[in-house]
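> model this:
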Amino acid sequence: VTDGEYLWVSDDGTGTPSKWLHRLDSSGAKTSVSVSLGNPNGLSIDSLGRLLVADSDGHIRRLTIDGTGAVTNNKLLADFSEFPMTQGVMGEVDGNVLFVDDSGFIYRITPSMDLPVGPSTAGLALGVGVVAAGNQGHIALDASGNIYTTNSGARIIRVDSDGTTARDVVNIPDPSACDS
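Numbers count the residues shown, from 1 in each chain. So this is what the prediction gives:
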């Protein structure tokens with residue numbers, strides 16, 4: 001993901017700390033950011049330039065990182081550690097944060113919610129229900145606020161901006177079922 005100045009890349013490899021975030025500038029120079037994460041699956045930049053991280057340990061985090069690469073604020077937004085893996089994350093312009101889990105639900109955290117939210121938080125899951133079981137961490141928004149997500153790469157699903165209606169926009173056939 002890019003914040004307009006840097007390209008941010010997650011690294012779920014081994015080492016100490018076990019997971020890293022890397023910031024690359026336009027010349028390719030890398031700054032490694034040390035932060036305690038489980039397995040960062042999704043990255044996004046919110047409307048204020050903070051890094052959003054979907055971590056497979058069930059956490060959604062918002063990080064403020066200074067010019068030297070030091071984490072100055074590590075805010076836990078969601079704790080789903082006992083539930084499905086959080087996969088992708090996306091900031092909306094109004095300050096809301098969307099995220100998906102591998103069960104196919106899409107969640108919206110609003111600035112007015114007490115943090116961190118959890119699976120029992122009222123109004124957290126969008127009303128459309130399961131739309132992308134097996135989600136691989138992909139979530140995006142268009143200019144109208146419609147939400148796009150995938151299930152294991154075979155379908156792209158569009159959910160209207162209020163989170164109540166979903167429809168397939170792309171359905172990729174199983175290549176093994178095609179005649180050669």
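> got any ranges where the chain has weak pLDDT?
Counting by pLDDT under 70, the chain contains low-confidence ranges at 12-19, 83-84, 134-137, 152-153, 174-180.
> Give me the most central residue, it.
Closest to where the C-alpha atoms of the chain average out (CA atoms, centre = their mean) is residue 89, at 1.7 Å.
> in stretch 165-175, what counts as buried?
residue 166 (16 or more other CB atoms under 10 Å). In this view, the C-beta of every residue, glycine as well, is placed from N, C-alpha and C.
> secondary structure element for the residue nearest to the centre of the chain?
Per DSSP states H and E: residue 89 is located in strand 86-91.
> Could you please name the strands that strand pairs with and the direction of each pair?
When pairing is defined by DSSP bridges, strand 86-91 lines up against strand 97-101 (antiparallel).
> Using CSV, write out the CA atom coordinates for the partner strand.
Output in CSV follows, covering the C-alpha atoms of strand 97-101 (Å, rounded to 0.1, in the frame of the first residue of the first chain):
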residue,chain,number,x,y,z
VAL,A,97,-12.5,1.3,9.2
LEU,A,98,-13.7,-1.7,7.2
PHE,A,99,-12.3,-5.1,7.6
VAL,A,100,-13.0,-8.7,6.4
ASP,A,101,-12.5,-12.0,8.0
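> Name the residues that touch it?
With CB atoms under 8 Å, 6 or more residues apart in numbering as the test, strand 97-101 has contacts from 42, 46, 52, 54, 60, 62, 77-78, 80, 83-92, 106-109, 132, 135, 137-139, 141, 147, 149.
> before we move on, what about stretch 156-173?
Contacts of stretch 156-173 (CB under 8 Å, 6+ apart): 106, 108, 126-128, 131-132, 144-151, 153-155.
> Before I go, just wanted to say thanks for your time.
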